[in-house]
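Undergrad: predicted coordinates and the sequence they were generated for:
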Amino acid sequence: MQVKTQSIVSHVLVILNLLFPFIYPIIFYSWLKNKNTDEKMLRVSVREAFILGSITFIIFSSLIALVLLHYGFKSTFTLVAGEIYYMLIIPISFFPAIMGIARNNANQIYYYPLIGKLV
């Protein structure tokens, strides 16, 4: 697979991870496989996708664990947590991934806001 395609796929996996957390192992495998590659665009894209995917996976897993272990699915907490996740966390994570796809498609390196400059 070409470098550009692999970079775009890493951002697409982040978007899929927002709704389907079982995609996270694929992101992790992609990061392990490409973290030391010579291609800077691929290395940066995979690293950014791994970090953002990890953050969203931890948030989603924590919410599910709280719901299952403490509050239950019929609680108000479940409703509020779900709304916050879908109205706040997904858009905050979705737009940088879309920008990463667009920039990688133009053969440019894209650093996610906050993540790329801090790590």
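TA: Okay, I see it. Residues are numbered from 1 along each chain as shown.

Undergrad: would you mark the buried spots in the longest helix seen in the chain?
TA: Longest helix in the chain, counting residues (DSSP state H): helix 40-66. By 16 or more other CB atoms under 10 Å, the buried positions in helix 40-66 come out as 41-53, 56-57, 59-60, 63. (C-beta placed from N, C-alpha, C; glycine too.)

Undergrad: just stretch 92-100 next, same as before
TA: Buried, per 16+ other CB under 10 Å, within stretch 92-100: 93, 96-97, 100.

Undergrad: can you list the residues that contact that stretch?
TA: For stretch 92-100, the surrounding residues in contact (CB atoms under 8 Å, 6 or more residues apart in numbering) are 7, 10-12, 14-15, 18, 45, 48-49, 52, 55-56, 110, 112-113, 115.

Undergrad: quote the end-to-end distance of stretch 100-109.
TA: 8 Å (CA to CA, to the nearest Å).

Undergrad: how far off centre is that stretch?
TA: Put simply, stretch 100-109 sits 16 Å off its chain's centre (CA atoms, centre = their mean, to the nearest Å).

Undergrad: please begin residue numbering at 18 from this point
TA: I'll keep to 18 as the first residue from here, and by that count the last item is stretch 117-126.

Undergrad: report the buried residues of that stretch.
TA: Neighbour-count burial for stretch 117-126 flags 117-118, 120-121, 126 (criterion: 16+ other CB under 10 Å).
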